[in-house]
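Colleague: Okay, here's the prediction I keep looking at, along with the sequence it came from:
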Amino acid sequence: MRAARLAGWLVPTTAARYRTALVVGAVSVGLFGYLAQVVGNAATSAATSDAGLGSAALRTIEIGSYGLDQDPRPLTADAADVIGALPHVTDVGLWASAQVAPEPDGGVLDAVVLSVSTRYAPIQRPLVEGVEPVGRFDVLLPAGLAEEAGLTVGDELPVMYNERAADGTGEGRRSSLHVVGLYDDEVLGIDDPRSAYASSETVDHFVAAERGSTPEWIAENYVHPRGYVTVDELDSVAPTVQALRDEGFGATSLTTLLTSASSTQQFLAALRPLLGLTVAALLAALAWSTASSVLAARRAEIGVLRATGWRLSEVRTTFTLQLAALGAVVGVGGALLSLALLAVTSVVARDAAVLGVPVAVPWTATSAVWLVGPLVVAVAVFVLAGLPAVHRLSRVSPDEVLRDLVR
């Protein structure tokens, strides 16, 4: 008990004497607490946002029915049900395509052939106007082509297509496509740049006409050239690819894109512990130098305490508690600085960013951890860094100290 009382009595004068070192430590801890949350928030955003690694395109796996060394399992409607039941799978789309030609009107559409293809939005060109196609004969057209042809959302596009008869001959048919949206045809895509994206029902109609079948048969039995599977998170891609292959499907992931994109995530994930190690090293240096200086200055007091009957353990406890208190001063100061930075940036710099990293961090449950954590670390570092000096000076002989005082 008397060791704790003495430590409490010594802390104010010691803190005042070494205030510069304590301020440097508190600022370091405060900046780390703030920057760690900024980096963590950026890493989380990169991993979850639709514009970053959270993009569904990066979580999508391509499955094919043809072109592999081993004959893959056919992609039929039943196969889609099997795939959809696999763990982590959130969406399955079977892709098909059929060609139609706009009715001649004396304009740019006279020389155009459209590929009516199944819409799978996560990996196809983005919608810029209108809505996704869901109804029968609803389509998305390339924005550039629509502008050239004078078409807008809500227009009807008369088309011609070929329907195969039972004897193998073809017969021309007419239909009308309802333009419900436009997509950006200036970005790279996986489909024909003249694709008219449509629902599966619409595509089945035109595929059935090309093959001389019925839409109902196509919907149940047609072997689709390829399909796409989207999973819940990036870490699920590799095991899902393996699960698809185990089921007999030909599956490949966007490996190169994932590798290049994940490097950003890996850098952000590694930056936070690197900052932590840097601050811990700085705190350790400050703690060691402060502890050595404090204990050297208290050498006489230590000798007097030992001479007046204080046990070795009591002397150690006194100065260990003093160092812990100095660490707490640094930790509390750092936590308050972190809190102030979080509050200020959330108000005056809510939308600001440095090198693409937002400086404002939303308050979450983990924010409290990043405020309390550095405080605990600061106390631990000060205590551990000062232990060698405490151990060394607490063993000083009282006679030796008293002789030095007499001199």
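Modeller: Received it, and whenever you're ready, just let me know what you need.
Colleague: Could you list the domains of this structure?
Modeller: Using automatic domain parsing, the domains assigned to the chain come out as 2-52+261-406, 97-221.
Colleague: can you tell me which of these comes nearest to Pro74?
Modeller: Distance to Pro74, taken as CB to CB, is lowest for domain 97-221 among the domains of the chain, at 9.3 Å. (C-beta placed from N, C-alpha, C; glycine too.)
Colleague: show me where pLDDT drops low in the stretch 201-350 of the chain?
Modeller: The stretch 201-350 of the chain contains residues with pLDDT under 70 at 254-272, 295, 297-301, 303-307, 349-350.
Colleague: And the helices in it?
Modeller: Assigned by DSSP state H, counting those that start in this stretch, the helices in the stretch 201-350 of the chain fall at 215-221, 237-246, 255-297, 299-307, 312-348.
Colleague: ok so, going back, please produce JSON lines containing the domains of the chain, extended by mean neighbour count and distance to Ala80.
Modeller: Below are those laid out as JSON lines (neighbours: other CB atoms under 10 Å; distance: least, CB to CB, whole Å):
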{"stretch": "domain 2-52+261-406", "mean neighbour count": "17", "distance to Ala80": "25"}
{"stretch": "domain 97-221", "mean neighbour count": "17", "distance to Ala80": "10"}
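Colleague: Of all those, which one is nearest Ile63?
Modeller: The closest of these to Ile63 is domain 97-221. By CB to CB, the value is 11.7 Å.
Colleague: Span of the closest one from start to end?
Modeller: Start-to-end span of domain 97-221 (CA to CA, to the nearest Å) is 15 Å.
Colleague: Distance from the chain centre to that domain, please.
Modeller: When distances are taken as CA atoms, centre = their mean, to the nearest Å, domain 97-221 is centred 36 Å away from the chain's centroid.
Colleague: Kindly list the longest strand within this structure.
Modeller: Criterion DSSP state E: the longest strand present in the chain is strand 170-183.
Colleague: Average pLDDT for the helix or strand following that strand, rounded please.
Modeller: Downstream of strand 170-183, the first helix or strand assigned by DSSP states H and E is strand 195-198. Averaging pLDDT along strand 195-198 yields 94.
Colleague: which residues are contacting strand 195-198?
Modeller: 97, 100, 114-119, 124, 133, 137-142, 177, 183, 189, 191 (CB atoms under 8 Å, 6 or more residues apart in numbering).
Colleague: Quick check: neighbours of that strand in the sheet, parallel or antiparallel?
Modeller: strand 114-118 (parallel), strand 138-142 (antiparallel) (DSSP bridges).
Colleague: got TSV for these, with mean pLDDT and distance to Ala251 too?
Modeller: Below are the strands paired with strand 195-198 laid out as TSV (pLDDT from 0 to 100; distance: least, CB to CB, whole Å):
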stretch	mean pLDDT	distance to Ala251
strand 114-118	93	18
strand 138-142	95	27
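Colleague: so which of those strands comes closest to Leu375?
Modeller: strand 138-142 (55.1 Å).
Colleague: next SSE after the helix or strand hosting Glu147?
Modeller: Under the criterion of DSSP H and E, Glu147 resides in helix 143-149. Note on helix 143-149: by DSSP H and E, the next helix or strand toward the C-terminus is strand 156-164.
Colleague: elements contacting that next one?
Modeller: strand 97-102, strand 170-183, helix 200-211 (3 or more CB pairs under 8 Å, 6 or more residues apart in numbering; DSSP states H and E).
Colleague: Of the ones you listed, which is nearest Pro374?
Modeller: Judged by CB to CB, the one of the helices and strands packed on strand 156-164 that comes nearest to Pro374 is strand 170-183, at 48.6 Å.
Colleague: Adjacent strands (with direction) for that closest one?
Modeller: In its sheet, and by DSSP bridges, strand 170-183 pairs with strand 127-130 (antiparallel), strand 138-142 (parallel), strand 156-164 (antiparallel).
Colleague: Of all those strands, which one comes closest to Thr278?
Modeller: Thr278 sits nearest to strand 127-130 of all the strands paired with strand 170-183, at 45.3 Å, using CB to CB.
Colleague: if we look at the closest one, which residues are touching it?
Modeller: Here strand 127-130 makes contact (CB under 8 Å, 6+ apart) with Ala121, Leu140, Ala143, Val153, Val179, Val180, Gly181, Leu182, Tyr183, Asp184.
Colleague: who's the fifth one bridged to?
Modeller: This means Val179. For Val179, the beta-bridge partners are Val139 (DSSP bridges).
Colleague: which residues touch it?
Modeller: By CB under 8 Å, 6+ apart, the neighbours of Val179 are Gly130, Val139, Leu140, Leu141, Ala146, Leu151, Thr152, Val153, Gly154, Asp155, Glu156, Leu157.
Colleague: How about the last one?
Modeller: Residues near Asp184 by CB under 8 Å, 6+ apart: Arg125, Pro126, Leu127, Val128, Ala143.
Colleague: The last one: what's its closest spatial neighbour, skipping adjacent residues?
Modeller: Counting by CB to CB, 6 or more residues apart in numbering, Leu182 is the residue found nearest to Ala143 once chain neighbours are left out, at 4.2 Å.
Colleague: Next one: that neighbour from Leu141, what distance?
Modeller: Leu182 is 6 Å from Leu141, where distance means CB to CB, to the nearest Å.
Colleague: can you check Leu86 too?
Modeller: For Leu86, the distance to Leu141 - CB to CB - is 34 Å.
Colleague: Check Ala21 too.
Modeller: Shown here: Ala21 relative to Leu141, a distance of 69 Å by CB to CB.
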